[in-house]
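S.K.: Just a sequence and a predicted model for now, questions to come.
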Amino acid sequence: MAEGFINSSDNRHWHENNMSFNKLENLRTLIIKGSVSSSAMDHLFGATEKYHKLRVLDLSWTCKILPKSIGDLKHLRYLDLYWTEVAELPVALGKLYHLQVLMTPRSRARIPRSLRNLISLRHYEGDDKALTTIPDIGRRLTSLQTFPEFHIKKEKGYDIGQLRNLNGLRGTLSIWNLENIEGKDKAVEANLKNKEYLESLVLKWGCRDEREFRRDLDREVLEGLQPHPNLTELTIHGYKSPEFASWLPLQNLRSLKFEICTGLEDFPPMIDLFPHCQSLKIWSLPNLSRFPLLPLSLKELEISYCGSLMFVSKEEVEERVEEDILGGKKKIELIVPSSLQSLMIKDCDITEGALSQSLGRLTSLKSLVLYGINTITTLPSEEILHHLTSPDITNSSKNV
């Protein structure tokens, strides 16, 4: 297989190399490194008809303008523009019907709608939001295996059904603006339960007018977004219903994150539904009044901005705690598994007794972060903290 490499820092040999490449009609791979003048690029792309067998083109650190003659490289399979300074991709790029890998400029170049014609495209790397600006992208590029973000709009060509046939998706998929889905029947059109290669799923609801909000709508939508049981990471953001979907459990889940889920008051029994979960992160659940029994496999736990809870020790659950300390908050015993290696409690309330009780169990703990906890004035004794192999203890309270 014929290959060509040009290090354009040696400008003396550029035209000499280019002339020799013009003779290589069987050239399949061309890699150009370094800054190249516009005249040199014109010279190169002015002879695209000679590179009719080219499969791989890497223009890293090369050009600021991509000539429209790029569309003449009909058999191109791989195009790397990531480290270029191209500000706008030409419409002619949509003629590369056999292109399988496209790496767009890191500087968020303008993307033409003609990219929806790249029917063979499998892998995309660049601005995560770029592809989602193109209407009907999912119905056209059914071979996609990487599609980092999809933003739902109440416009034709941007509906959740765009994801229906993308069953080859791998890695992470983030679905934004779920508030634009009208109900379960529409959410089912995403066909997430048949995306067996998807590893990580992020479900995001945006801001809504509380006066027009139906509390049961989020539940209906989540019900329709049932993922494949192979999923290992799940993030739910902005969910406002007080209940979960019935498609739990997810036996293979390793990481679970809840962010700004203001409607949630209770957690599902994690030890039964997520027996292999290793990471649980809870951020801004202001109405949470119960805390789950955690799985024995858990290694990382983060609890932030859960203002309705007061974590207490086993003894304090039975005792009457002073009202000025509780402030109307729900007393919860924090029971953590001994497997835990990292613990963060931020802007939540926990008594000194509860902290000592929890840390006394954690023989594998490596990192402890305490921040914004006004109910603690002193840290536990060295005897309790001696398990920390890599201490990382912070607290915003000036008395600690």
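M.R.: That came through fine.
S.K.: Can you give the domain ranges for the protein?
M.R.: 1-127, 139-243, 248-400 (automatic domain parsing).
S.K.: Tell me which of those sits nearest to residue 133.
M.R.: Of all these, it is domain 1-127 that lies closest to residue 133, at 6.6 Å by Cβ to Cβ. For every residue, glycine as well, the C-beta is placed using N, CA and C.
S.K.: coming back round to it: could I get the domains of the chain as CSV with mean pLDDT?
M.R.: Rendered in CSV, the data for those read as follows (pLDDT from 0 to 100):
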stretch, mean pLDDT
domain 1-127, 80
domain 139-243, 93
domain 248-400, 82
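S.K.: Distance to residue 133 and mean neighbour count for those domains - can I get that in TSV?
M.R.: TSV is the format used below for those (distance: least, Cβ to Cβ, whole Å; neighbours: other Cβ atoms under 10 Å):
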stretch	distance to residue 133	mean neighbour count
domain 1-127	7	17
domain 139-243	8	18
domain 248-400	24	17
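S.K.: Nearest residue to residue 220 in space, please, no chain neighbours.
M.R.: residue 184 (4.3 Å; Cβ to Cβ, 6 or more residues apart in numbering).
S.K.: Could you give the backbone dihedrals for residue 131?
M.R.: With angles defined as degrees, to the nearest 10, residue 131 sits at phi -60, psi -30.
S.K.: And the pLDDT for it?
M.R.: For residue 131, the model assigns a pLDDT of 87.
S.K.: Nearest spatial neighbour of it, chain-adjacent residues omitted?
M.R.: Sequence neighbours aside, residue 137 is the residue nearest to residue 131 in space, at 5.5 Å (criterion: Cβ to Cβ, 6+ apart).
S.K.: before we move on, what about residue 203?
M.R.: residue 236 (5.2 Å).
S.K.: Next, the contact list for the one you found, please.
M.R.: 203, 222, 257-259, 261 (Cβ atoms under 8 Å, 6 or more residues apart in numbering).
S.K.: Mind putting these into a markdown table with distance to residue 25 and secondary structure?
M.R.: Converted to a markdown table, these look like this (distance: Cβ to Cβ, whole Å; DSSP: H, G, I helix; E, B strand; the rest coil):
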| residue | distance to residue 25 | secondary structure |
| --- | --- | --- |
| 203 | 51 | strand |
| 222 | 56 | helix |
| 257 | 53 | strand |
| 258 | 58 | strand |
| 259 | 55 | strand |
| 261 | 60 | coil |
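S.K.: what's the closest of those to residue 354?
M.R.: residue 258 (21.4 Å).
S.K.: What residues are bridge-paired with the closest one?
M.R.: On the basis of DSSP bridges, residue 258 is bridged to residue 236, residue 282.
S.K.: if I look at it, how far off is residue 338?
M.R.: 24 Å (Cβ to Cβ, to the nearest Å).
S.K.: Now do the helices in the stretch 151-300 of the chain.
M.R.: Under the criterion DSSP state H, counting those that start in this stretch, the stretch 151-300 of the chain contains helices at 184-187, 215-224, 270-273.
S.K.: how about those helices in a markdown table, adding distance to residue 152?
M.R.: Putting those into a markdown table (distance: least, Cβ to Cβ, whole Å) gives the following:
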| stretch | distance to residue 152 |
| --- | --- |
| helix 184-187 | 10 |
| helix 215-224 | 10 |
| helix 270-273 | 27 |
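S.K.: C-alpha coordinates for stretch 149-160, PDB please?
M.R.: Taking C-alpha atoms only, stretch 149-160 is exported to PDB below (Å, rounded to 0.1, in the frame of the first residue of the first chain):
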ATOM      1  CA  GLU A 149     -24.600  14.400  22.400                       C
ATOM      2  CA  PHE A 150     -28.100  14.700  21.000                       C
ATOM      3  CA  HIS A 151     -30.300  17.700  21.800                       C
ATOM      4  CA  ILE A 152     -34.000  17.400  21.400                       C
ATOM      5  CA  LYS A 153     -36.000  20.300  19.900                       C
ATOM      6  CA  LYS A 154     -39.600  20.800  19.100                       C
ATOM      7  CA  GLU A 155     -38.700  21.100  15.500                       C
ATOM      8  CA  LYS A 156     -38.900  18.700  12.600                       C
ATOM      9  CA  GLY A 157     -35.700  16.600  12.300                       C
ATOM     10  CA  TYR A 158     -34.700  17.000  15.900                       C
ATOM     11  CA  ASP A 159     -37.100  14.600  17.600                       C
ATOM     12  CA  ILE A 160     -36.100  11.700  19.900                       C
END
